[in-house]
Structure formats: C-alpha cells, structure tokens
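S.K.: Structure, please.
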Amino acid sequence: MIEADEIYITRRIIDACLRENLFGLLDSARLTHELPQDAPAWDEGNTNNRWLQIKIAGGTAHLPVVEASTMQRWLVANPVWWVEDATGWRLCLGYRQWLRMLAADRDEQTQDAFEQYVLEADIAVEHRRLCREAFNDKRELLKCLISDAQDWSARMLFSDQIASYLDHPYYPTARAKPGFGEQEMRQYAPEFTPEFQLRWIAVDKQRVSVAGSPPSCWPSMSDVGLPDSLKQSHRLFPIHPVSWENVPEDRLGVIKAPLTAVTVIPTLSVRTVAVANDPYTHIKVPLEVRTLGTRNVRLIKPSTIIDGHNLSLILQRIEQIDVALRGRYQHCDEEHGAHFDGNNSIAYIVRRYPEPLPESCSLVPVAALVSPMPNGDLYLQQLLDTYYQGDVCQWLGEYLDLMLGVHLRLWLRYGIALEANQQNAVLVFDHERPLTLVMKDNDSARLWPRRLLSAVPEVASTVTAIQDQRIKVEDELPLAQMFCTITLQLNISAIFEAMIKAGMAQRSDLYGQLRLRLRNHLDSLESEGIRTKSAQDILFADRLYVKYLLTAGSLLSKQQSGAADINKYYGLSAPNFLKD
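M.R.: Below is the predicted model of the structure:
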C-alpha cells in the first residue's frame, strides 16, 4: 500500500481530472452500481456502490465514486480502482498508475508532460510532510489568539502563515514548490516563518527601466559592500537568495554585491517578502520556483510592473467617484518597480500598503479563513470571536455583500473582472466598521475598454498604457468566467464547503444566503439602469465555468489546449450551486 500523503495527493489528482474532464474521460463514461460479474472480489470499501466505467487505452477503468456537491458531479470514493483489459483484471492505486494509465496511448509530448507531473506530485508529497512538520513544531505559537499580536502587520504575517498550511482548493499539487528542496523550504517558505536578508546587485542605469522611487528601507551602495561612487552609474536591485547563484557575475552591466541587506519575512506568495522593520513595505522579487503548474515560473514580466500600477489607478478612480464603492476597498501602491534589459529574472516590484492602517485591525487573505488551527477550529472562528462576538450570520452577510457588491459592480458597471484569488483578496477586520478589502497585484485582470470608458472616460490614457493586450477583452464572457471561477468558486464556495465540513453552518443556510444576496445585488444594479440580463444568463445556467488549472498548467501544452493564458483556461462543466 501507499502512505497517507500519497493517498491524499492521488485523491486530489483524480478529482481534478474528473472536474476538468481531462481528455473527455467523462464523455463516454458510464455509471454503474456494481462491478461486472467476472470482477474479482472488492474489499476496499466502496459503500456507495457507484462506479464510473472509463474507457482507457486497451480496456476499461472501474473507478469508485461518490456524488459531489459543488464544482463537479463525481469525486473518487477511494483512490484504488480496477482495470479490465485483454490480460484480465488488475488492481491499481496511486497517482503514478493513474497518470500513466491516462497517458498510455498519447503522443510523446503528452507522455513527457505527464511524467514531469508525476515528479511534481512526488514533490507535493514531500512538501506536505514538511508542512505538517512545520505546523506541529509551531503548534504552541499557533495557539496564540490573533488579538495577542502587537499590530496589524504582525497579524497579517500570522494570517499568511496560517494560510500556508492549507492546500489550494482545486489545483491538486499546489503544495509542491518545484525549485525548493527541503533546505530552501526551511529557510524561505512561509510555513517555517523564517527571517533572512536579501542579496543585491548593482546594474547599469542605462539598461534599466524604472517607475517611481525606492522606499526608505533601500540600502546604499556601501551598505551592500560596494563603492558609493557606483550610485552615479548603477542602481541596486534586490535578489532572492535562492536566485543568487543564477545571476551571472560576468554579465555586462551587473555587479554582484558582497553583502546582504534588508531583513525580510516570506509572505504566502513566497516570492513577495515583507520588510521586517518597515511593515508597510513588501518587495516582490523573481524566484525560480513553479507554483500551480509546471509552466507557472514565478518570475516578473516587465509588463506587469506597468500594468499592475495602471489597474490600481483605474480602481482607485472608480472608488473615488462611485458612492456605492466608496470606502469598500483600498489599493496598495505598486508604482515603484524596475527591470533590467527586459529580463524576467532581474526585476522587482515594491508594494506599499495603504497608510495609516488602524493598529487594531487584522488584514487576512481569504486563503487563511478556513485554515485549521491546533485546536481543530477554523481560523475564521477565531476571527469571528475577536471581531463579531462569534456571530457567523453577521460576518456572512458582510462578507457576501462585500464580495458580491464590489465584484459585480466592477464587472457590470465598469467592465472589470479582477483575478483577486484567495491570496490577493485581503479582508480588513476592524472593530469600528464592517469588512473592507485591500487590493493588490492586479496585473492579470480582464478589462472591457468599451464598457469602462463609457462609465469613466477620464481613464482612457491609462487604458491605452496597458501593455499586456490579454488584459483587454471585447465582450462579457471573459469577465463572467473570471467572476465565476474567482469570486464565486474560490472566494465563496470553497469557504462555504470548509465551513460546512467543520460544522460552522448548514449548507442550505450558506447557499441560500448567497442566492438571496446575489439576486438582491443584481436587482439593485438593474434599478440603476445597469443591464444584467447577459450576466444572469451565464450565472444561472445549468452549469458554471471552471478554471482548468491542471490541464492548462501542467498536462497539456498551449498548442494542445489552445490556451492563450494558462491561468485563464475554462470549461463549462460545474454543476451550478446558484440554482435552487
């Protein structure tokens, strides 16, 4: 048999393949309530007596399944299945056999991609073990209440640490950080909450593109062991220690500094680090690590420096002029950033959080809400006890009204859909006011210029300045797809499912409130003369769009999938939880 961590990863991979209907495996699958009569005796405990018969190369796989509640029709009941082929019957288990079974009759490129994904799954198993070790080692510290932290910055880093112990809801091997070995995990991953210092290089100013000015925490040339005279011709760039060896010493215009400077702490993003003695400042640096897919290398494209700032300017302007959005969100200042020679691996972005933030508030990424605490409760329960006297109904109403009110309005009034995933959607808990949002990292939004400029014509020059043309779309569908997959599924449904599992609320109550408040917000927009019919046709169809993360991010090339952007590749396959 296989160990528990491998069983866990296997289950997630099989479920993702079913959710994404990989290779159309569900199109010809047949549901049965028993194995064929000539099958060997089954002793693995499929109490639901449901089997998917899936056509595979040279035979049929008999997979035990249970009915799912959201996102997909079927989940694997037990990651052990029978294969029936010309040689007879054989029992299969584990992600290696599953992935190799699916790739068996495919072309060489696909088989190579599947083998690479097997290696990613191996890393996920190992990093899951390390994550559990870190959680157990820090168990006593994690028992502290969020109110014990001395300020908002400490609470935000604590929340990021809590979030790091919970897997992504849908990408099956999100636990893996290919590019990090055990030593790098301990030294630089948020699960272990290390502190370290950044490395630095001096680069020729004539080959640098820069926007804005560095923050006060930036070191001088002498701070990093270089002659001060270099400041006339060179500019300092931060380098993550993991990337240090990849910076060539003999590269024209690059001088590696002998000393480290600026103590930092990793955030949930890993490549974004918080400056220890300047809580409002975070620095994003390229990192030779892959997350959420083997094609997602965490470097920094030069266009993202400009585009993220331009989107922030648009969002800030909208918040200023729209009474319904005023005070609902703030945006981090991401103006300052630079890149060297257009190189994705020599670049950085500085993020400044809005000032001032109340010392008593807590900034919490949605990713942390349903992380388990040492006592078995979800982190959300501690937040409710601290800020809502334990009243889940009050919080639920505020949360849904915030998420739906902001993102529906941005979509339907302004033609903007944000990729505000669980990491980037940061909630501000405060004793003095209802929930609000802090926005950041919006270089991957989708924007319909015609709708936006009809509502806010003064941002025309900012829209023109956007460099990544994939951001601009020409109709409703890309906006709807992002709203469905990010706001509804990642930030609402995934939270609901964890709350239900933990016994914090009833399914009917949670989804009933979602349907009610969604209808109310749509009716309110209609009353203002904002047309919502095309959106409702998508939102209340029999099926919702799903982001096919595994298919586009790891298993198929862009040529095979047709994905222009591997993070925005969708299928219309999820049962719609918005319908009664």
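S.K.: all strands of the stretch 51-200 of the chain, in order?
M.R.: All strands of the stretch 51-200 of the chain, identified by DSSP state E, counting those that start in this stretch, fall at 51-56, 59-67, 74-76, 80-85, 88-93, 196-204.
S.K.: in the first one, what counts as buried?
M.R.: Read that as strand 51-56. By 16 or more other CB atoms under 10 Å, the buried positions in strand 51-56 come out as 51-54, 56. (C-beta placed from N, C-alpha, C; glycine too.)
S.K.: dump the residue contacts of the residue nearest to D27 when sequence neighbours are not counted.
M.R.: Leaving aside its sequence neighbours, D27 sits nearest to N21 (CB to CB, 6 or more residues apart in numbering; 7.0 Å). For N21, the contact set (CB atoms under 8 Å, 6 or more residues apart in numbering) comprises 27, 571, 573.
S.K.: Quick one: neighbours of the last one, just the number.
M.R.: Applying other CB atoms under 10 Å, we find 18 other residues in the vicinity of S573.
S.K.: Would you agree it is in contact with L18?
M.R.: No. Taking CB atoms under 8 Å as the definition, S573 is not a contact partner of L18, at 9.6 Å.
S.K.: who touches both of those two?
M.R.: In contact with both S573 and L18: Q72, using CB under 8 Å, 6+ apart.
S.K.: Quick check: the gap between the residue nearest to D27 and L52.
M.R.: Using CB to CB, to the nearest Å, N21 is found at 12 Å from L52.
S.K.: that older thread, which one of the contacts of N21 is nearest to T267?
M.R.: If you rank the contacts of N21 by distance to T267 using CB to CB, G571 comes first, at 31.2 Å.
S.K.: I'd like to know which elements whatever helix or strand L404 lives in is packed against.
M.R.: Assignment of secondary structure by DSSP states H and E places L404 within helix 392-414. In terms of contacts (3 or more CB pairs under 8 Å, 6 or more residues apart in numbering; DSSP states H and E), helix 392-414 is packed against helix 302-321, helix 379-387, strand 416-417, strand 433-439, helix 449-455, helix 507-527, helix 533-539.
S.K.: Go again with 6 Å.
M.R.: If you count contacts as 3 or more CB pairs under 6 Å, 6 or more residues apart in numbering; DSSP states H and E, helix 392-414 packs onto strand 433-439, helix 449-455, helix 507-527.
S.K.: What score does the nearest residue to K301 once chain neighbours are set aside have for pLDDT?
M.R.: Excluding the flanking residues, the one nearest K301 by CB to CB, 6+ apart is N344, at 5.7 Å. Listed pLDDT for N344 reads 93.
S.K.: Same question for N48.
M.R.: 65.
S.K.: switch to numbering from 21
M.R.: OK, 21 is where the count begins now, so the last one is N68.
S.K.: Low-confidence bits of the chain, can you list those?
M.R.: Scanning the chain for pLDDT under 70 picks out the ranges 21, 63-68, 270.
S.K.: Please spell out which residues along the top helix by length along it are buried.
M.R.: In the chain, ranked by residue count with DSSP state H as the criterion, the top helix is helix 128-157. For helix 128-157, the neighbour count (16+ other CB under 10 Å) marks 130, 133-134, 137-138, 140-148, 150-151, 154-155 as buried.
S.K.: try stretch 341-352
M.R.: Quick answer for stretch 341-352 (16+ other CB under 10 Å): 342, 345, 348-352.
S.K.: got the phi/psi numbers for R50?
M.R.: phi -130, psi 130 (degrees, to the nearest 10).
S.K.: Quick check: nearest residue in space to it, chain neighbours excluded?
M.R.: Per CB to CB, 6+ apart, closest to R50 is Q73, 4.5 Å.
S.K.: The residue lying closest to P60 once chain neighbours are set aside bridge partners, please.
M.R.: Spatially, and ignoring its direct neighbours in sequence, P60 is nearest to W109 (5.4 Å; CB to CB, 6+ apart). With beta bridges defined as DSSP bridges, W109 has these partners: E104.
S.K.: and W109, how many neighbours?
M.R.: By other CB under 10 Å, 15 other residues sit near W109.
S.K.: any idea how far it is from W62?
M.R.: Distance from W109 to W62, by CB to CB: 11 Å.
S.K.: Show me the contact partners of stretch 206-213.
M.R.: By CB atoms under 6 Å, 6 or more residues apart in numbering, the list of residues contacting stretch 206-213 from outside reads 151, 154, 180-181, 184, 214, 286, 288.
S.K.: mind checking how far that stretch is from the chain centre?
M.R.: What separates the centre of stretch 206-213 from the centre of its chain is 18 Å, taken as CA atoms, centre = their mean, to the nearest Å.
S.K.: same thing with stretch 235-243?
M.R.: Centroid displacement of stretch 235-243 relative to its chain, using CA atoms, centre = their mean, is 32 Å.
S.K.: Endpoints of it, how far apart?
M.R.: Stretch 235-243 stretches 15 Å from its first residue to its last (CA to CA, to the nearest Å).
S.K.: Could you pull out the buried residues of it?
M.R.: Quick answer for stretch 235-243 (16+ other CB under 10 Å): 235, 237-239, 241, 243.
S.K.: Out of those, the closest to K276 would be?
M.R.: For the buried residues of stretch 235-243, the nearest to K276 is M241 (12.8 Å; CB to CB).
S.K.: OK, contacts around that closest one?
M.R.: With contact set as CB under 6 Å, 6+ apart, M241 has these partners: 248, 250-251.
S.K.: what do you get if the cut-off is 8 Å, keeping everything else the same?
M.R.: Counted by CB under 8 Å, 6+ apart, M241 has contacts 222, 247-251, 254, 256.
S.K.: Need these in a markdown table (columns: distance to K163).
M.R.: As requested, the contacts of M241 are exported to a markdown table (distance: CB to CB, whole Å):
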| residue | distance to K163 |
| --- | --- |
| A222 | 45 |
| P247 | 50 |
| D248 | 48 |
| S249 | 52 |
| L250 | 49 |
| K251 | 48 |
| H254 | 48 |
| L256 | 41 |
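S.K.: can I get the CA coordinates of stretch 360-378 in CSV?
M.R.: The C-alpha trace of stretch 360-378 is given here as CSV (Å, rounded to 0.1, in the frame of the first residue of the first chain):
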residue,chain,number,x,y,z
PHE,A,360,17.0,45.2,-16.2
ASP,A,361,17.1,44.8,-20.0
GLY,A,362,13.6,43.4,-20.1
ASN,A,363,14.8,40.3,-18.2
ASN,A,364,12.1,38.4,-16.3
SER,A,365,14.6,37.2,-13.7
ILE,A,366,16.2,40.6,-12.9
ALA,A,367,13.3,42.8,-11.8
TYR,A,368,11.3,43.7,-8.7
ILE,A,369,8.1,45.5,-7.6
VAL,A,370,7.6,47.3,-4.3
ARG,A,371,4.2,47.2,-2.7
ARG,A,372,3.2,49.8,-0.1
TYR,A,373,0.1,49.1,2.0
PRO,A,374,-2.4,52.0,2.5
GLU,A,375,-1.4,54.3,5.3
PRO,A,376,-2.4,54.6,8.0
LEU,A,377,-4.0,51.3,9.0
PRO,A,378,-5.5,51.0,12.4
